[in-house]
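Visitor: Sharing a model that was predicted from the sequence below.
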Amino acid sequence: MTEDTSLDESNVLEKTGATEIQERRMSLLEKVKEGLRSDKRVFFAGEIIHRNYGADWLETVEIIVSPVEPIYDPNKLNDFMDSLAPDLPRSARDAARHSDEKSDFQLGKLYFDESLGSTRREIKIITTAIEQEALVRSGVQIGESHETEEQNLNRRTWVRVYPDTSSAQIMADYEKGVAEGTVEPDSKFSYMQHWFSSEQFKAIKRAGGSAGFRIPRLTKGN
């Protein structure tokens, strides 16, 4: 007597189909975060979400990471950055740069762009004429017409790579505080979103992964 395995096969197919659908629905942002969090070499300091970021982006996400072990050489830091989430499509890349001890240390970052959807607007236009000939000469359609406007809804994710865990965590805490309205913006720390001055970088390097600088007491209400 043979067992009826059709139900078991059906369950397997349903589970497989559900898994495939779940994988298809996983956003590029989720894949980037999953890849970073699963990489034992990576320290994930935090993420900051900005909504309605200019005309082109419905939202942008800044992810701040660093190597677990400090890397202060820009070329080696670039090698580390380029090894992050290697199978995911990147839109652009900014390299870390530090030409000499007197120059600023420019931080590197990766760009990941994706579409979240689109909007379609159908506009009904009704034009009435007082001087019809003038309108016709100008190419104006008299009566009822329709226009369609389409707009892509996009998200950009930046992965910003700091040389050590301390600088990455300090900047993540500062930027999350500013975004949440608990910390007043400070020009010195806004500057460090993109680069360190030569003196700041020397202090960070001397600290060797400990706090080379601190966020001042900027919390509102204190």
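Guide: That came in fine, so what should we check first? Numbers count the residues shown, from 1 in each chain.
Visitor: any weak-confidence spans in the protein?
Guide: By pLDDT under 70, the weakly predicted segments of the chain are 1-24, 209-222.
Visitor: tell me, what residue is most central in it?
Guide: What sits nearest the mean C-alpha location of the chain, by CA atoms, centre = their mean, is Thr157, with 1.7 Å.
Visitor: residue contacts, that one?
Guide: Taking CB atoms under 8 Å, 6 or more residues apart in numbering, we find Thr157 in contact with Leu28, Leu29, Val32, Thr60, Val61, Glu62, Ile63, Tyr111, Phe112, Asp113, Glu114. Using the backbone N, CA and C atoms, a C-beta is placed for each residue, glycine as well.
Visitor: Wait, a strand at the last one?
Guide: Yes: using DSSP: H, G, I helix; E, B strand; the rest coil, the assignment for Glu114 is a strand.
Visitor: burial of the closest residue in space to it that isn't next to it in sequence, as a residue count?
Guide: Closest residue in space to Glu114, ignoring its immediate chain neighbours: Leu28 at 4.1 Å, by CB to CB, 6 or more residues apart in numbering. Neighbourhood size, Leu28 [other CB atoms under 10 Å]: 17.
Visitor: Could you do Ala55 as well?
Guide: Ala55, neighbours per other CB under 10 Å, totals 6.
Visitor: which SS class is it?
Guide: coil.
Visitor: Check which residues of the helix or strand encompassing Gly35 are buried.
Guide: Element membership for Gly35, per DSSP states H and E: helix 28-37. Neighbour counts over helix 28-37 (16 or more other CB atoms under 10 Å) mark Leu28, Leu29, Lys31, Val32, Lys33, Gly35, Leu36 as buried.
Visitor: Against Gly35, how distant is the second one?
Guide: The spacing between Leu29 and Gly35, counted by CB to CB, to the nearest Å, is 11 Å.
Visitor: Excluding chain neighbours, what is closest to Thr119?
Guide: Gln151 is the one closest to Thr119 (CB to CB, 6+ apart), at 4.9 Å.
Visitor: now do Ala85
Guide: The spatially closest residue to Ala85, leaving aside those adjacent along the chain, is Gly35, at 3.9 Å (CB to CB, 6+ apart).
Visitor: The one you found is in contact with Leu88, isn't it?
Guide: Yes: with contact defined as CB atoms under 8 Å, Gly35 counts as touching Leu88 (6.6 Å).
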